[in-house]
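Student: Sequence plus the predicted model coming up.
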Amino acid sequence: MHRRLIAETTLAGLRPLGMGSRRIQDSWNEIDSYLRNRLGASYADLFAEPVQGAHGVSWFGAPEGEVKPYAELDNEAKAALLEEMQRRSETIRAHAETLAQSRRDSDRRLAQTLQWALVVPEAKPSRDFLYSASGEPLLINWGTRDENAQASDSALQEFLTGEAWQLRRAKEAAAVPVHREPVAVREVATGHSLWWLLWLLFGLSIAGIMYLLLLGCGLRLPFGLERPAFLNSCPGALAASDPGQEQLRQERDRGRGLARQILLLQRDLARRQRCPLDIARTEEAPSPSQEESQAAFDAIREEGAEEGAVEIILEWQGDADLDLHVICPDGSRVFFHNPNNTSCGAILDVDANRSARDLKEMPREHVTWPQSPGPGRYRIFVDNFEGRSRGRSTPVPYKVYLSRGGEVDVYEGQIAEAGGIALVQEVTLP
């Protein structure tokens, strides 16, 4: 199925939910399949497809139509989107509750997966999780919550309820007419009453000026009289009456000293040589011998693989079910659920260890482009779909062969325990 890129996010400040060593986001295929078969495509399309990359998560979905974050919608569109999101989330929760009552372990695990898929982090201005795809709700960052211990698993429901209440308040406020009472203008009295009012204002002005001068230490009282407490705001009096002023001055001096020390340490640190980071990722292996690469391609031909302008082989040992995924420039994917990707011309024609009854000692998977692929960036992934005996708790080593233009590149790495997914390489084709 063709999907397009919706957003790219990181997991900074977020904690992915999961069961055992498998993240909920890695169960997107099962969620999509269940909802599509039981509730229809509109429910399956609610969850954007997550693809782990080297620098974060890419979210794919909504092949057609206009996509907007919730925050950019007008109030009418927001209200409609919230209502539809509420309806679909309630339906999915009801199905999860039914599955949770099943006697089958697989049904109960699926129930937990659906419930945790509806967990999202707290909404922030810089972090959206709800989008509108032509008026249909679309979730990203699902299956995660805020990293802090006080984070709630009901953030989605709280968001839907709170936003709906705010929209109702705004609508009610806009519907209430504003009545303005006419202002009655009264004539100002003239004659002797006006002169009396002017003298009163003059006296009050003089009294106010005197008070300000006394308060600001601009005047002294005659005959050596002391100032009342409410007028005693001169610097000398404050210093004498408030012993905490001296302590405050000392704390300020200490703070300035600490700030100077921090600045000196920062300057010293900037002059030091930084150590290189040791980042674990798939590395390109030394160029393989012609015999080694030829042996890999001869073996995959025996399993029915077709030749192509560009070919990719995934090879490993053991009974683990590893899967080869390729993300095309248009965001579509070729893998076991979409083996014939017509939008980018790729075909997955060999899928190994899919069944426990047909295991191979040296499994291989194969993706080929019969014709030259369209220009752009292609991303190659390896997914440990089912670890079985070897890959359940220990990493599984693998090799990926990329053949293009008569040359073969080999990438070696290892995939984490079951549920892990690794970016092998990003390549530009053809």
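Tutor: Perfect, thanks for sending it. In this text, all values refer to a predicted model and were calculated from it rather than measured experimentally.

Student: what ranges do the helices span in this structure?
Tutor: Ranges of helices in the chain, per DSSP state H, are 28-38, 41-44, 75-100, 105-117, 155-175, 192-215, 235-241, 244-271, 290-302, 388-391.

Student: out of the ones you listed, which comes closest to G374?
Tutor: Closest approach to G374 among the helices of the chain is made by helix 290-302 (23.5 Å; C-beta to C-beta). Just so you know, the C-beta spots here come from the backbone N, C-alpha and C atoms, and that holds for glycine as well.

Student: before we move on, the earlier item: between the helices of the chain, which one is closest to R22.
Tutor: Smallest distance to R22 across the helices of the chain (C-beta to C-beta): 9.4 Å, for helix 105-117.

Student: Could you pull out the buried residues of that closest one?
Tutor: By neighbour count on 16 or more other C-beta atoms under 10 Å, the buried set for helix 105-117 is 109-117.

Student: for stretch 84-95, same thing?
Tutor: The neighbour-count check on stretch 84-95 (16+ other C-beta under 10 Å) flags 84-86, 88-89, 92, 95 as buried.

Student: Please list all residues in contact with Q101.
Tutor: Contacts of Q101 were listed using C-beta atoms under 8 Å, 6 or more residues apart in numbering, and none were found.

Student: the domain parsing of the protein - what is it?
Tutor: The record's domain parsing of the chain by automatic domain parsing lists 4-174, 202-236, 283-429.

Student: related to what we said a few turns ago, between the buried residues of helix 105-117, which is closest to P63?
Tutor: Out of the buried residues of helix 105-117, the member with the shortest distance to P63 (by C-beta to C-beta) is A117, at 20.8 Å.

Student: can I assume the closest one is in contact with I31?
Tutor: Yes - the pair A117 and I31 passes the contact test of C-beta atoms under 8 Å, sitting 5.7 Å apart.

Student: Now for the two: what residues contact both?
Tutor: In terms of C-beta under 8 Å, 6+ apart, A117 and I31 are both contacted by the residues F47.

Student: just to revisit the earlier point, so which of the helices of the chain gets nearest V427?
Tutor: The minimum distance between V427 and these falls on helix 290-302, with 16.5 Å, by C-beta to C-beta.

Student: Before we move on, what's the pLDDT of V367?
Tutor: At V367, the pLDDT value in this model is 97.

Student: er, G345 I mean
Tutor: Value for G345, per-residue pLDDT: 93.

Student: what do you get for H179?
Tutor: pLDDT at H179 comes out at 55.

Student: now do S193
Tutor: 55.

Student: about what we covered before: between the domains of the chain, which gets the lowest average pLDDT?
Tutor: For these, where the average pLDDT is lowest is domain 202-236, sitting at a mean of 62.

Student: Noted, bye for now.
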